[in-house]
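Participant: what's the 3D shape of this:
(chains A and B)
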Amino acid sequence: SAVISQKPSRDICQRGTSLTIQCQVDSQVTMMFWYRQQPGQSLTLIATANQGSEATYESGFVIDKFPISRPNLTFSTLTVSNMSPEDSSIYLCSVSRGVGGSYNEQFFGPGTRLTVL
Amino acid sequence: KQEVTQIPAALSVPEGENLVLNCSFTDSAIYNLQWFRQDPGKGLTSLLLIQSSQREQTSGRLNASLDKSSGRSTLYIAASQPGDSATYLCAVLDMNYGGATNKLIFGTGTLLAVQP
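Facilitator: Reported below is the predicted structural model:
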């Protein structure tokens, strides 16, 4: 397994501001992911954070709105920029050690609960 | 495109009852299927991983089965307790969508309430 921590655990922000969420893993992992979970919904993948290269964004998500850093194999940040109330969600970091394969298990952090006023 | 569905959307049972949660997926070309638990406002806890070559996995009171050919998985919870109350999510690692990227496709979740 992997132990994942996220900071902050929750925040209340004003419209138009930005928030950076940190994700720390207790061991080196190949792949890190950022998800968004809007109220009452399932998880939607925002992007895959690749160490040493640009993040890969899913359809509907852009780098200007959700810039991501991955400076090493145990840490990543997601910034939610120019926030609006529609950005109010739980943001989750997840990791997996390998690539592909039936044995690959994903583990999730505790989430960051963001409310935008 | 792979779609994952969970039925029922919500379930309420008395304490001590055995129960089954269902997960269906439309494309059988998967690497694995994971069951997660999510408490309100929290992250996901991995419960069980079933590889595509496996039929079932057990952990304590939990038993998950996988029938790839029919596109179904079930999560069986024995002797339910109020502490089992949470949302249960299944997710597949699709060979076409996630093969080289580890991207999971999530179901819609089942909200379980176990009444004391």
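
Participant: could you use CA atoms for every contact and neighbour count after this?
Facilitator: OK.

Participant: specify the beta-bridge partners of residue A:114.
Facilitator: residue A:11, residue A:89 (DSSP bridges).

Participant: now swap in residue B:24 and tell me
Facilitator: Taking DSSP bridges as the rule, residue B:24 bridges to residue B:5, residue B:72.

Participant: so it is in contact with residue B:72, correct?
Facilitator: Yes. Proximity of residue B:24 to residue B:72 meets the contact threshold set by C-alpha atoms under 8 Å, at 4.5 Å.

Participant: these two: which is more packed in?
Facilitator: residue B:24 (23 against 18; other C-alpha atoms under 10 Å in any protein chain shown).

Participant: list the helices and strands the lowest-mean-pLDDT helix or strand in chain B packs on?
Facilitator: Lowest by mean pLDDT, DSSP states H and E among the helices and strands of chain B is strand B:104-106, with a mean of 91. Contacts defined by 3 or more C-alpha pairs under 8 Å, 6 or more residues apart in numbering or on different chains; DSSP states H and E place strand B:104-106 against strand B:86-94.

Participant: pLDDT averaged over the strand it packs on - what is it?
Facilitator: The average pLDDT for strand B:86-94 rounds to 94.

Participant: swap in stretch B:30-42?
Facilitator: Stretch B:30-42 shows a mean pLDDT of 92.

Participant: and it, anywhere near chain A?
Facilitator: Yes. Contact between stretch B:30-42 and chain A, assessed by C-alpha under 8 Å from any C-alpha of the partner chain, occurs at B:31, B:32, B:34, B:41, B:42.

Participant: which helix or which strand is home to the first one?
Facilitator: Spelled out, that is residue B:31. strand B:30-38 (DSSP states H and E).

Participant: in its sheet, what does whatever helix or strand comes next after that strand sit against?
Facilitator: Sequence-wise, the next helix or strand downstream of strand B:30-38 (DSSP H and E) is strand B:44-51. Strand B:44-51 has these partner strands in its sheet, going by DSSP bridges: strand B:30-38 (antiparallel).

Participant: give me the angle between the strand it pairs with and strand B:86-94.
Facilitator: 160 degrees (axes from the mean of the first three to the mean of the last three C-alpha atoms, to 10 degrees).

Participant: chain center to strand B:30-38, what's the gap?
Facilitator: Taking the mean of its C-alpha atoms, strand B:30-38 sits 6 Å from the chain's own mean (C-alpha atoms, centre = their mean, to the nearest Å).

Participant: residues making contact with that strand?
Facilitator: Under the criterion C-alpha atoms under 8 Å, 6 or more residues apart in numbering or on different chains, residues A:100-105, B:44-52, B:75, B:86-95, B:99 lie in contact with strand B:30-38.
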